[in-house]
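**Student:** Prediction below, plus the sequence it came from.
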Amino acid sequence: MEKEIVALLIGKDFLGLEKLIDLLGTDIVKCIRAILNHSDEITYRKEAENEVFYRIWQKIDHYDAQKSSLKTWCLTLTRNICLDKKRVIIRERNIIPMDQLPENTLVEDYFEKENFLDLLKHLTEEDQLIFLKYYYYQDSPNDIAKDLKMEVSQVYNHLSRGRKKIKELF
C-alpha cells in the first residue's frame, strides 16, 4: 500500500494524497494536536495540517523507504512543522519565557529575555519542546510526561541536561 501511495504522489496524482490521508490522516492530526495543544494554538492546527500535506506533496521524492517507513517519515515531517509553528506563535506574541525560569539569578545575568528562543536552538527538538512546555506554558512535569509518553524522571533529566548545556555555551 505504501509503495502505491508513494508512486502516486511522486506522479503528482491526487488519488495518492487521498489514500495517504485515509492511511495516515488520523495519526498526522493526532501528532498536530499533541504538539499544538494549548488554547492559544488551536487556531493554528488547520494551518499546520494543510502545511503538512502540502509539504508531503512537495517533498515525497525525498522519501527513502530504506531509511524509514512512510508513516515515520510523515510524522517526523509533521512534528518538525508543528514545532516550527509553535516557535512562530511564541515570537509573534512576544512571549518571554525567561520570566518563569526558577534558577533565573545566574541565567538573567548572561541572557536577555528575548534571546530565549535563540538559546533553544542549541537543544534537541525534544528538549526544545520540553523547555517550552515547562518554562513557557508552565505545564507540570507529570503533564509533559503524559503528553510526550515518557517517564516523569525523563522530563526532569531533559530539563537538567538542557540547562547545563545552555550554561556551558555561555
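**Tutor:** Happy to help now that I have it.
**Student:** buried ones in stretch 136-150?
**Tutor:** By neighbour count on 16 or more other Cβ atoms under 10 Å, the buried set for stretch 136-150 is Y136, Y137, D139, P141, D143, I144, A145, D147, L148. Just so you know, the C-beta spots here come from the backbone N, C-alpha and C atoms, and that holds for glycine as well.
**Student:** Export those residues to JSON lines and append columns for distance to L20, secondary structure and pLDDT.
**Tutor:** Putting those into JSON lines (distance: Cβ to Cβ, whole Å; DSSP: H, G, I helix; E, B strand; the rest coil; pLDDT from 0 to 100) gives the following:
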{"residue": "Y136", "distance to L20": "33", "secondary structure": "helix", "pLDDT": "70"}
{"residue": "Y137", "distance to L20": "31", "secondary structure": "coil", "pLDDT": "74"}
{"residue": "D139", "distance to L20": "32", "secondary structure": "coil", "pLDDT": "83"}
{"residue": "P141", "distance to L20": "36", "secondary structure": "helix", "pLDDT": "89"}
{"residue": "D143", "distance to L20": "32", "secondary structure": "helix", "pLDDT": "87"}
{"residue": "I144", "distance to L20": "30", "secondary structure": "helix", "pLDDT": "89"}
{"residue": "A145", "distance to L20": "31", "secondary structure": "helix", "pLDDT": "90"}
{"residue": "D147", "distance to L20": "26", "secondary structure": "helix", "pLDDT": "85"}
{"residue": "L148", "distance to L20": "25", "secondary structure": "helix", "pLDDT": "87"}
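**Student:** With respect to S160, which of these is nearest?
**Tutor:** Nearest to S160 out of these is P141 (Cβ to Cβ; 11.3 Å).
**Student:** which one is that closest one nearest to, not counting chain neighbours?
**Tutor:** Closest residue in space to P141, ignoring its immediate chain neighbours: V155 at 4.4 Å, by Cβ to Cβ, 6 or more residues apart in numbering.
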